[in-house]
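# here is my input; please provide its structure:
(chains A, B, C and D)
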Protein chains: 2
Amino acid sequence: MTKSAPAELKLREQVVLKLRELILGGELPAGQRVAEIPISERLGVSRTPVRQALTILAQEGLLSAAGKRGYVVHAFSAKDIIDAIEVRGILEGAAARLAAEAGPSEELLQALENCIADGAAIALQDHYGMDDDVRWVEINGRFHRLIVEASANMALISALALNNKLPFASAEAVLGGGTPSRQIARRHHEVLVRAHADHQKIVEAMRLRQGARVESLMQEHARLAEVNVTLFRPD
Amino acid sequence: MTKSAPAELKLREQVVLKLRELILGGELPAGQRVAEIPISERLGVSRTPVRQALTILAQEGLLSAAGKRGYVVHAFSAKDIIDAIEVRGILEGAAARLAAEAGPSEELLQALENCIADGAAIALQDHYGMDDDVRWVEINGRFHRLIVEASANMALISALALNNKLPFASAEAVLGGGTPSRQIARRHHEVLVRAHADHQKIVEAMRLRQGARVESLMQEHARLAEVNVTLFRPD
DNA sequence: TAATGCAATATTGGATCCAATAACCGGACT
DNA sequence: AGTCCGGTTATTGGATCCAATATTGCATTA
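Below you'll find the predicted structure:
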């Protein structure tokens, strides 16, 4: 394991991170068996942290237990991914409704407006620059996180945290993630513009405490991420 | 650890079960520090499975990391519990809606009707017998499980599985769980009758594919469990 | 040639061992 | 008397060791 990050991070957590990366990045393809020894050698750690990482990833659903033969990388169908996106919509929608009904604080609204201002700088320019995606992913993540946390509902926050670990399910994954070709970039821009418009309506509804409206807006907003499935997963 | 159940269960899982029991049963009170060695001695196992169990329970939210001092039992406020019940309502409501919209199979409807018939035998008698609670918990659990699985949405099922591990959050916990006094028993019966009526309406709505209706019915149905909070947690 | 049984091997899972380090206690100094 | 410092101890976290067991490959035989 690269000792570059002993930074306050338990070894087992570094392994979890690394393995997630390998799985989501496709280096460990679905169905691939994951044994302790090869992984521990590959990462240069002992079997102990690897074993713990495997149980954690199994809990998250990225690995499935294969009887006495350890684990295999779980195969997610296109339906599984769409379902996870739907669940995110349900949960984030509920979060937005709860926040709206509780009466959003002025700070929250201000922070959301800031996200929108930052987002506008990217979405409303005619030229879609190099690393505009990563900037937008950051802004978008901030926007969603603010709303989820504004729900002030721990169970809801935890449920979403779990869901976000599923492939393509998190809000951060709207743009897919790979290095985009020119064609993909155009698609990115389209999605991004629509997402920005959604954000505006969501904050408006939130300000007016329109709980039901903000809930359905948020649900539909999540479905923007479905384009990735058809783009990256032709099955 | 009692070797009575080496039954296909990894030691670490037995430890998880046992610790959950101790925590939810109040033997490990909130705030109590949980160190590896005392637990391993108490259960008669080595530290290895205990350590793994602790990370799992931390993932579930029952323990919280306490820096370098291991873990402590997480303290759930009354609000936390009500929030978790609300989340269950949201998720089970969504599950019911999805099942209704997809068109419930005749087998599903039949199985649900069976639950209702079994439940009627308990709810509609004038005398509320000894272990009627445990029978009803079983029937109720079956009812809810059928609907959740009928959603055929793995992400949803997983999210609910996580939520159900929080104290008092699962459908099985409607009746609280302790050995009830006579007064509590009367309260039980009231709740049970209302739950039974809810179940009937839910199946009716499901049969008619009334997605929105079954969703809100299910959400409200979950809130029946809130009585336990006021009953058992005066904070 | 195919099936079967035995042996060699690979692999998991738990127990133990060791190092790092943070909390704790006591004493000395201001 | 209070505070700071140093040593002792407790405790986590990773590495290694060992036992149990399933899997695989090979040889033998019908």
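
# state the mean pLDDT of stretch A:72-88.
Mean pLDDT, stretch A:72-88: 97.

# list the buried ones in that stretch?
Going by neighbour count (16 or more other Cβ atoms under 10 Å in any protein chain shown), the buried part of stretch A:72-88 is A:72-74, A:76, A:80-88. No exception for glycine: its C-beta is placed from N, CA and C like everyone else's.

# can you list the residue ranges for helices in chain A?
A:11-24, A:36-43, A:47-60, A:78-102, A:106-123, A:132-150, A:154-163, A:182-207, A:211-222, A:226-232 (DSSP state H).

# so which of these is nearest residue B:209?
The closest of these to residue B:209 is helix A:78-102. By Cβ to Cβ, the value is 18.3 Å.

# so that closest one versus helix B:154-163, what angle?
For helix A:78-102 against helix B:154-163, the angle by axes from the mean of the first three to the mean of the last three Cα atoms, to 10 degrees is 50 degrees.

# show me what helix A:78-102 is packed against.
helix A:132-150, helix A:154-163, helix A:182-207, helix A:211-222, helix A:226-232, helix B:78-102, helix B:154-163 (3 or more Cβ pairs under 8 Å, 6 or more residues apart in numbering or on different chains; DSSP states H and E).

# so for residue B:44, which of the helices of chain A sits nearest?
Closest among the helices of chain A, using Cβ to Cβ: helix A:47-60, at 21.5 Å.

# which one is residue A:11 nearest to, not counting chain neighbours?
Nearest residue to residue A:11 in three dimensions, chain neighbours excluded: residue A:49, at 4.3 Å (Cβ to Cβ, 6 or more residues apart in numbering or on different chains).

# typo on my end, it should be residue A:88
Per Cβ to Cβ, 6+ apart, closest to residue A:88 is residue A:222, 5.0 Å.

# okay, now the domains of chain A?
A:11-73, A:78-232 (automatic domain parsing).

# and the ones you listed, which one's lowest on average pLDDT?
domain A:78-232 (a mean of 91).

# contacting residues for the residue nearest to residue A:88?
A:85-86, A:88-89, A:92-93, A:171 (Cβ atoms under 8 Å, 6 or more residues apart in numbering or on different chains).

# interface residues of chain A facing chain B?
Proximity of chain A to chain B (Cβ under 8 Å from any Cβ of the partner chain) is limited to residues A:12, A:51-52, A:55-56, A:59, A:61, A:80, A:83-84, A:86-87, A:90-91, A:94, A:153-156, A:158-159, A:162-163, A:166, A:169.

# restrict the residues you listed to those near DNA strand D?
Contacts with DNA strand D within the residues of chain A next to chain B, counted by Cβ under 7 Å from any atom of the strand: A:12, A:52.

# the closest residue to residue A:195 other than its chain neighbours and residue B:145, how far apart?
Nearest residue to residue A:195 in three dimensions, chain neighbours excluded: residue A:224, at 5.6 Å (Cβ to Cβ, 6+ apart). As judged by Cβ to Cβ, to the nearest Å, residue A:224 and residue B:145 stand 32 Å apart.

# please identify which of these two sits among more neighbours.
residue A:224 (19 against 15; other Cβ atoms under 10 Å in any protein chain shown).

# am I right that the more buried one is in contact with residue A:194?
Yes: counting by Cβ atoms under 8 Å, residue A:224 touches residue A:194, with 6.3 Å between them.

# let's check: the centremost residue of chain A is which one?
residue A:170 (1.9 Å; Cα atoms, centre = their mean).

# quick one: residues contacting the closest residue to residue A:124 other than its chain neighbours.
Of all residues not flanking residue A:124 in the chain, residue A:196 sits nearest, at 7.5 Å (Cβ to Cβ, 6+ apart). The contact partners of residue A:196, by Cβ under 8 Å, 6+ apart, come to A:116, A:119-120, A:123-124.

# what about residue A:196, distance to residue A:8?
36 Å.

# cool, and residue A:134?
Distance from residue A:134 to residue A:8, by Cβ to Cβ: 25 Å.

# neighbour-wise, which of the two wins?
Neighbour count, other Cβ under 10 Å: between residue A:134 and residue A:8, residue A:134 has more, with 10 against 6.

# so the more buried one versus residue A:140, what's the distance?
Distance from residue A:134 to residue A:140, by Cβ to Cβ: 11 Å.

# up against DNA strand C, what does chain A have?
So chain A meets DNA strand C at A:35-37, A:47-48, A:51, A:68-70 (Cβ under 7 Å from any atom of the strand).

# including neighbour count and distance to residue B:213, could these go into CSV?
Listed next are the residues of chain A next to DNA strand C as CSV, based on neighbours: other Cβ atoms under 10 Å in any protein chain shown; distance: Cβ to Cβ, whole Å:
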residue, neighbour count, distance to residue B:213
A:35, 14, 50
A:36, 16, 50
A:37, 9, 55
A:47, 14, 53
A:48, 16, 52
A:51, 19, 48
A:68, 5, 47
A:69, 9, 46
A:70, 16, 46
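
# widest-spaced pair of the contacts of residue A:222?
Checking the contacts of residue A:222 with Cβ to Cβ, the most distant pair is A:86 and A:171, at 13.6 Å.

# residue with max distance from the center of chain A?
No residue in chain A sits farther from the centre than residue A:68, which is 31.8 Å out by Cα atoms, centre = their mean.

# ok, back up a step: and which of the buried residues of stretch A:72-88 is nearest to DNA strand C?
For the buried residues of stretch A:72-88, the closest approach to DNA strand C (Cβ to the nearest atom of the strand) belongs to residue A:72, at 10.1 Å.

# dump the residue contacts of the residue nearest to residue A:195.
Contacts for residue A:224 (Cβ under 8 Å, 6+ apart) come out as A:174, A:191, A:194-195, A:198.

# from DNA strand D, how far out is it?
Relative to DNA strand D, residue A:224 is positioned 38 Å away (Cβ to the nearest atom of the strand, to the nearest Å).

# same check on residue A:95?
Residue A:95 is 31 Å from DNA strand D, by Cβ to the nearest atom of the strand.

# so that residue touches residue A:152, yeah?
No: applying Cβ under 8 Å, one finds residue A:95 not in contact with residue A:152, separated by 9.2 Å.

# show me which of these two is the more surrounded one.
residue A:95 (27 against 14).

# not including adjacent chain positions, what is the nearest residue to that one?
residue A:151 (3.7 Å).

# ok, how many other residues are close to residue A:66?
Residues near residue A:66, counting by other Cβ under 10 Å, number 12.

# wait, what's in contact with it?
With Cβ under 8 Å, 6+ apart, residue A:66 has these contacts: A:33, A:72.

# give me phi/psi at it?
Per-residue torsions, residue A:66: phi -120, psi 60 (degrees, to the nearest 10).

# coming back round to it: look up how far residue B:32 lies from the residue farthest from the centre of chain A.
36 Å.

# swap in residue A:146?
34 Å.

# between those two, who's got more neighbours?
Legend: neighbour count by other Cβ under 10 Å for residue A:146 and residue B:32, higher for residue A:146 (19 against 14).
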